[in-house]
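**Student:** can't give you the sequence, but here's the structure:
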């Protein structure tokens, strides 16, 4: 299997702090790849670099042969992403959010309507297409984002904690969609999560990052063998320790909390 | 082109959908118009300057464009907060086109706002010298709108959150408005005030509005348009540069 994601000596420094420290790994085409680590380990920073939102301090990264640094648009066409936080326009309807995306990604005009309908039906939101997104629940928003991320036929789908805060029913639904896509269309899936059971259930291979370095990478069985533990959670704790991590929160996060506070 | 169009359309849809914003942003100019216009009217008349409402309306239109355009630019901070900015930033389109689309959208909304104020002002007794000058007045509105949307974008690109917003409001937007000649004539001001107003881009915008709507000018329409055009191009350049550098 050829590699669809290639990361070589990737490093990201913020002033004196090294968030991602010289990591190298590959993801094969068609794989479901779990990228795990404690808070502040460098997961989101890595995803941001892979998806062209952050410039690496040094190193190389390619997605489907396009460099995320020198051929950003090529890379951007090749992936879809569902962010950790919602990234929908609340003042637009579900359909309008999809349409907006289809224009930005230059989905051919004659194909747009059909594709949007297909994707909205896939995540079971077609009946709600005319509703403003601000009336959607967290789970519905996440489904809509997945539909949107897939709209332009990406080869890789990035999911940053896709099931955070969702009930088991929605989580189950979401993984059913994603696994179906992975099987049918061979889409490569790169995801992060804090739920070890989730990674155990769906991932073909797992990488664990801590303090900006990849501490282990392999299949579930390989991880268990190397650590001598019989489940992923124990292996994870054995590798990353039991100490609590205090992650610095972003200013966006502060704002959101303040808003939430005011609304209560 | 389609990128620019869809971003423009988004700004418009958001504006037309938030009825509270629409009403709110019209209440303020109306209050200024009625309170100041009729309040200072008699004094202004006695000073031999004619109708204060006539004088004030171009200033109030400029004010509502200033506020609407600035807010449209600064909306980027909201988009950052609600995550939508990321959606546009990972899309395979150039950031310049995103910036152009947003700016044109913001400017369109601001001009609409200006025209609504003009229509409302007509209800309160305002009458332009000649409706034939309206296209030129709209051109002046366009320049004001583009400049301040660009300025808002540039500032918002530098800010991480809404913390600095009060500062911008009190130390930038308000002084720009009050020292633009929107409320009082520029002639015969003390030297310091005169210098400050000459450095204020909105002063030229207001002057252009006044020239096209009531045929009164301080700088002359040629200078007004030249200054506005130059600063607009500059600020759009700086805005694009800063917008291009945003990392999330």
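**Tutor:** Thanks, I have the structure now. Keep in mind that what you see is a predicted model, and the values were worked out from it rather than measured.
**Student:** For the most centrally placed residue in chain B, pull up the helix or strand it's in.
**Tutor:** Centroid check for chain B by CA atoms, centre = their mean gives residue B:66 as the closest residue, at 2.3 Å. Assigned by DSSP states H and E, residue B:66 belongs to helix B:52-81.
**Student:** can you check residue B:111 too?
**Tutor:** Element membership for residue B:111, per DSSP H and E: helix B:95-123.
**Student:** Which secondary structure elements does the helix or strand immediately after that helix in the chain sit against?
**Tutor:** Sequence-wise, the next helix or strand downstream of helix B:95-123 (DSSP H and E) is helix B:134-158. Here helix B:134-158 touches helix B:52-81, helix B:95-123, helix B:201-214, helix B:221-244, going by 3 or more CB pairs under 8 Å, 6 or more residues apart in numbering or on different chains; DSSP states H and E. In this view, the C-beta of every residue, glycine as well, is placed from N, C-alpha and C.
**Student:** rewinding a little: roughly how far does the residue nearest to the centre of chain B sit from chain A?
**Tutor:** When distance is defined by CB to the nearest CB, to the nearest Å, residue B:66 is 23 Å away from chain A.
**Student:** Next, see if the helix or strand just after the helix holding residue B:66 gets close to chain A.
**Tutor:** Going down the chain from helix B:52-81, the next helix or strand is helix B:84-89, by DSSP H and E. Yes - interface with chain A: helix B:84-89 contributes B:84-89 (CB under 8 Å from any CB of the partner chain).
**Student:** Dump those residues into JSON lines; add distance to residue A:220 as well.
**Tutor:** Conversion of the residues of helix B:84-89 next to chain A to JSON lines gives the following (distance: CB to CB, whole Å):
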{"residue": "B:84", "distance to residue A:220": "36"}
{"residue": "B:85", "distance to residue A:220": "37"}
{"residue": "B:86", "distance to residue A:220": "31"}
{"residue": "B:87", "distance to residue A:220": "33"}
{"residue": "B:88", "distance to residue A:220": "37"}
{"residue": "B:89", "distance to residue A:220": "34"}
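**Student:** Dump those residues to CSV, plus pLDDT and neighbour count.
**Tutor:** Shown next, in CSV, are the residues of helix B:84-89 next to chain A (pLDDT from 0 to 100; neighbours: other CB atoms under 10 Å in any protein chain shown):
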residue, pLDDT, neighbour count
B:84, 92, 23
B:85, 92, 22
B:86, 91, 21
B:87, 92, 22
B:88, 92, 24
B:89, 91, 21
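**Student:** ok, which pair from those residues is furthest apart?
**Tutor:** B:84 and B:89 (9.6 Å; CB to CB).
**Student:** re the thing from before, so which of the helices and strands packed on helix B:134-158 is the most packed in?
**Tutor:** helix B:201-214 (a mean of 27; mean count of other CB atoms under 10 Å in any protein chain shown).
**Student:** Now do it, average pLDDT.
**Tutor:** Helix B:201-214 carries an average pLDDT of 97.
**Student:** next one: stretch A:115-126
**Tutor:** The average pLDDT within stretch A:115-126 is 94.
**Student:** next one: stretch B:120-132
**Tutor:** Here the average pLDDT along stretch B:120-132 is 90.
**Student:** Quick one: residues contacting the closest residue in space to residue B:206 that isn't next to it in sequence.
**Tutor:** Nearest residue to residue B:206 in three dimensions, chain neighbours excluded: residue B:62, at 4.6 Å (CB to CB, 6 or more residues apart in numbering or on different chains). Applying CB atoms under 8 Å, 6 or more residues apart in numbering or on different chains, we find residue B:62 in contact with B:114, B:144, B:180, B:182, B:202, B:205-206, B:209.
**Student:** Show me what from chain B comes close to chain A.
**Tutor:** Applying CB under 8 Å from any CB, we find that chain B lies next to chain A at B:2-3, B:5-6, B:10, B:13-14, B:17-18, B:80-93, B:160-163, B:247-248.
**Student:** picking up where we left off before, ok, for the residue nearest to the centre of chain B, nearest residue in space, not its chain neighbours?
**Tutor:** Leaving out its chain neighbours, the residue that sits closest to residue B:66 by CB to CB, 6+ apart is residue B:148, at 5.4 Å.
**Student:** what's the distance between the one you found and chain A?
**Tutor:** 22 Å.
**Student:** Would you confirm that that residue contacts residue B:65?
**Tutor:** Yes - assessed by CB atoms under 8 Å, residue B:148 is found in contact with residue B:65 at 7.2 Å.
**Student:** intersection of neighbour lists for the two?
**Tutor:** Residues touching both residue B:148 and residue B:65 (CB under 8 Å, 6+ apart): residue B:110.
**Student:** Would you mind finding the longest helix in chain A?
**Tutor:** With secondary structure taken from DSSP state H, chain A has its longest helix at helix A:168-185.
**Student:** just to revisit the earlier point, among the contacts of residue B:62, list the two that are farthest apart in space.
**Tutor:** Comparing all pairs in the contacts of residue B:62 by CB to CB, the longest separation belongs to B:114 and B:180, at 14.6 Å.
**Student:** Run through who's touching the helix or strand following the longest helix of chain A.
**Tutor:** Reading on from helix A:168-185 to the C-terminus, the next helix or strand found by DSSP H and E is strand A:188-192. Strand A:188-192 is contacted by residues A:4-5, A:27-37, A:43-44, A:47, A:50, A:155-162, A:178, A:182, A:203 when judged by CB under 8 Å, 6+ apart.
**Student:** The same query, at a cut-off of 7 Å, please.
**Tutor:** Applying CB atoms under 7 Å, 6 or more residues apart in numbering or on different chains, the set of residues contacting strand A:188-192 from outside is A:4-5, A:27, A:29-36, A:43, A:47, A:155-162, A:178, A:182.
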